[in-house]
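[1] sequence and computational prediction follow.
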Amino acid sequence: PLDFIWKRSARIAAAELRGEVAVLQTEEHRRQVAREVATLYADHAANLLERERHESAHVALDRLKNVAQAVIEAGDAPPTLLQRVELAIARHTFEENRIQSELLRIQTQFAALLADDQATIPTAEPKIDAPSFKNEYAATQAALENRPDLKTAAAVYGWKQAESAAAKGEGLPDVNLEAGSKEDNAGRDGMFLGLSVELPIFDKNRTATAIANAESLRAEVAHAQARRLVEGEARSAFLRWRQLKRNWDNLNAATPASTQAVALLEATAASFEAGEASLLEYLDTVEAYLEASENEIELQKALRLAAIELGYATATPVTR
């Protein structure tokens, strides 16, 4: 058979490109898993910090409750004061239980991702910094160069082009080279060499070629769409991270909000013990402390998630 001359190379090219697609798909899956694991680290750290703040507030509220009971028994305050403190304690207890459930969910998902029932997320606060890009253009260029899903789309397009070329080649006739020896009627031996060609000579494999051409066109469109999507995701991820980074820097430009809240809580506690602050003032300070802490924790978590998304959108590792 001589068809290897004009058919085999196209078949091999299509097969090799299909193998490249499979490799890139595996790389894309690895990128997604890395994103999921990093997100769990950020969620875990935020919940641990939130639990710590609620536990501190709970200690202060328990102290308030004891004082409230004493002053009510002495007739110096109405029973509604104790009810207000107990409602605050119940609310914080509910939040602590919710946080604990969330930590359990994160731990379970983490162990499942690592396929290890004994795997645990370290309690140390993770360092998650975004990859460094000068501007959104640099982030976009990194995404265009690195994203395995975009490389996959390009490889699929190349594969479908090779399939189209192979389909066209299949329309060419199969030709066989024949060689041998024979004896004629006169008893003389001789060699012969010839070609055999299938009929019809040119069927062109029209249907399969048309299908392959359509799939090639579809892959070309999908590649163009993937490129636009990658550019948009990288630009959006960079702008979101940059804005959150500015917000975080502004919040911590002088003294962090949480530090100020802790200082206020300690000062109010001292004033309360000295008889200079009322129960209600102390209770309001505890609530303000928690609100300031939660806002800082949420912003820090959002910044970390934005860093993870920027790394994911540009296929660039984050520092951790």
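    Everything's here; your move.
[2] what helices or strands is the longest helix seen in the chain leaning on?
    In terms of residue count, the longest helix belonging to the chain (DSSP state H) is helix 8-73. Secondary-structure packing of helix 8-73 (3 or more C-beta pairs under 8 Å, 6 or more residues apart in numbering; DSSP states H and E): helix 79-114, helix 148-170, helix 257-273, helix 279-314. (Glycine included, C-beta is placed from N, CA and C.)
[3] could I get the ones you listed in CSV, plus columns for mean neighbour count and mean pLDDT?
    Shown next, in CSV, are the helices and strands packed on helix 8-73 (neighbours: other C-beta atoms under 10 Å; pLDDT from 0 to 100):
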stretch, mean neighbour count, mean pLDDT
helix 79-114, 15, 89
helix 148-170, 21, 83
helix 257-273, 16, 77
helix 279-314, 20, 88
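[4] and residue 277, helix, strand or coil?
    Following DSSP: H, G, I helix; E, B strand; the rest coil, residue 277 is assigned to coil.
[5] for the residue most central in space within the chain, give its distance to residue 187.
    The C-alpha lying nearest the average C-alpha coordinate of the chain belongs to residue 35 (C-alpha atoms, centre = their mean; 3.4 Å). Distance from residue 35 to residue 187, counting by C-beta to C-beta, to the nearest Å: 82 Å.
[6] before we move on, the earlier item: need the helices and strands packed on helix 8-73 in CSV (columns: distance to residue 141).
    Shown next, in CSV, are the helices and strands packed on helix 8-73 (distance: least, C-beta to C-beta, whole Å):
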stretch, distance to residue 141
helix 79-114, 31
helix 148-170, 12
helix 257-273, 36
helix 279-314, 9
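[7] out of those helices, which is closest to residue 26?
    helix 148-170 (8.7 Å; C-beta to C-beta).
[8] list the buried ones in the helix or strand following that closest one?
    Moving toward the C-terminus from helix 148-170, the first helix or strand encountered (DSSP states H and E) is strand 175-183. By neighbour count with 16 or more other C-beta atoms under 10 Å, strand 175-183 contains no buried residues.
[9] next SSE after strand 175-183?
    strand 189-197.
[10] so what's the gap between that following strand and the chain middle?
    Mean-position distance between strand 189-197 and its chain equals 65 Å (C-alpha atoms, centre = their mean, to the nearest Å).
[11] average pLDDT across that strand?
    Averaged over strand 189-197, pLDDT sits at 76.
[12] same for that strand, what does it pack against?
    Using 3+ C-beta pairs under 8 Å, 6+ apart, strand 189-197 sits against strand 175-183.
[13] return the distance of the strand it packs on from the chain's centre.
    Between the mean C-alpha location of strand 175-183 and the chain-wide mean there is a distance of 63 Å, by C-alpha atoms, centre = their mean.
[14] now the residue nearest to the centre of the chain. Nearest residue, chain neighbours left out?
    The shortest distance from residue 35 to any non-neighbouring residue, by C-beta to C-beta, 6 or more residues apart in numbering, is to residue 312 (4.6 Å).
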